[in-house]
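Participant: coordinates only, sequence not included:
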C-alpha cells in the first residue's frame, strides 16, 4: 500500500488508541465514584480495563517510534485475547455473556478493518477476520464449555437462533465495511492517478519552460549579434560607400574616378552579402519561434 494510505491508517490507529484510553479512563473514574473506591484488582475482569489502558498508551508510543506494525499487532492480539477469549475461562459465564461475547467479537472485526488492509496485508487480514468469524459463529459453544451453572437455560432464544442472529450481524457489518472501503480505495486510486498525471504534466511543463528559456536566451544572443552586425559590420561598408561617393564628386581625374567606382562596387557587394546573411539569420529565428 502506498505511504499516504499507511500514514492515514496510523492516524486512525492513534484515534482508536485514544478513544479506548478515554473510554477506559471514563469507566475507571465512573466505577471509582459509584463504588467509592478504586478498582479492586482481585479478579481478572477488574484487571482488563487497566491492562488495556496501559497497552493502548504503549501502542501510541510505538507509533511515535515508527513501530506501526508491532503496535497494531500487539493491540489486536491483546484485545482478542483479553476481551474475546480469556473472560469466559477466567471469570465464568452468565446469561448476559451469551449476548455480550458475540457483540464483542463483532467489535473486534471492526478493529481489524481499521488496522489492517486487504490490499497490503491480505493474508493477515483474512486470517484475523476468519478468527473473528469463528469466534462469533461458535460463541455459544465456546461459552457453554465454561458455563458450569447452565446459564443458557435462562435465555429466551435457542442456540440456533442466537447463532443465526449474530452471524448475520457479523456478515452484514463486515460486508458493509468491505464495500465502503472498496469504494474509498477506488476513489483513492483515481485521485492518485490524477495526481500522477498532474505531476507528469508539471514535469513536462517545467521541461518545456526550460527549453523555451534556453531558446529565448539563444535568440537573444543572436539578436545581440545582429545588433552588433547592424551597428558595425553593415555600417562599415555604408561608411566606405559614403566616403567614396564624396571622393568621386570631388575627383576630376577620370582614372581616379574609375578606381573609386570599382571600390564602390566592392563595398556595395559586401553590403549586400551582409544584409542577406542578416536576413537569413532573422528568418531562422522566426522559424524556430514558430515551431515552439
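Facilitator: Cool, got the structure. Just so it is clear, the model here is predicted, and its values are computed rather than measured.
Participant: Apart from its chain neighbours, what residue comes closest to residue 97?
Facilitator: Nearest residue to residue 97 in three dimensions, chain neighbours excluded: residue 143, at 5.5 Å (C-beta to C-beta, 6 or more residues apart in numbering). Every C-beta, even on glycine, is put in place using the N, C-alpha and C of the backbone.
Participant: Near that neighbour, how many other residues are there?
Facilitator: Residue 143: 21 surrounding residues under other C-beta atoms under 10 Å.
Participant: Let me know the helix or strand that it is in.
Facilitator: Assessed by DSSP states H and E, residue 143 sits inside helix 139-144.
Participant: tell me what the helix or strand just after that helix is packed against?
Facilitator: Sequence-wise, the next helix or strand downstream of helix 139-144 (DSSP H and E) is helix 159-228. With contacts defined as 3 or more C-beta pairs under 8 Å, 6 or more residues apart in numbering; DSSP states H and E, helix 159-228 has these neighbours: helix 97-115, helix 122-137, helix 139-144, helix 254-291.
Participant: could you dump the ones you listed to TSV with distance to residue 77 and mean pLDDT?
Facilitator: Below are the helices and strands packed on helix 159-228 laid out as TSV (distance: least, C-beta to C-beta, whole Å; pLDDT from 0 to 100):
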stretch	distance to residue 77	mean pLDDT
helix 97-115	11	89
helix 122-137	9	91
helix 139-144	18	90
helix 254-291	66	70
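Participant: could those helices be laid out in CSV, adding distance to residue 165?
Facilitator: Formatted as CSV, the helices and strands packed on helix 159-228 follow (distance: least, C-beta to C-beta, whole Å):
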stretch, distance to residue 165
helix 97-115, 8
helix 122-137, 10
helix 139-144, 11
helix 254-291, 74
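Participant: tell me which residues in stretch 72-82 are buried?
Facilitator: 72-73, 75-76, 78-80, 82 (16 or more other C-beta atoms under 10 Å).
Participant: Over to stretch 15-29?
Facilitator: Using 16+ other C-beta under 10 Å as the test for burial, stretch 15-29 gives 16-17, 20-21, 24.
Participant: tell me what the one helix or strand residue 30 maps to is packed against?
Facilitator: Assigned by DSSP H and E, residue 30 belongs to helix 3-35. Contacts defined by 3+ C-beta pairs under 8 Å, 6+ apart place helix 3-35 against helix 44-64, helix 68-79, helix 97-115.
Participant: tell me the mean pLDDT for that helix?
Facilitator: The average pLDDT within helix 3-35 is 75.
Participant: quick one on the thing from earlier: tell me who's in contact with the residue nearest to residue 97.
Facilitator: Neighbour list for residue 143: 88, 93, 97-98, 101, 152 [criterion: C-beta atoms under 8 Å, 6 or more residues apart in numbering].
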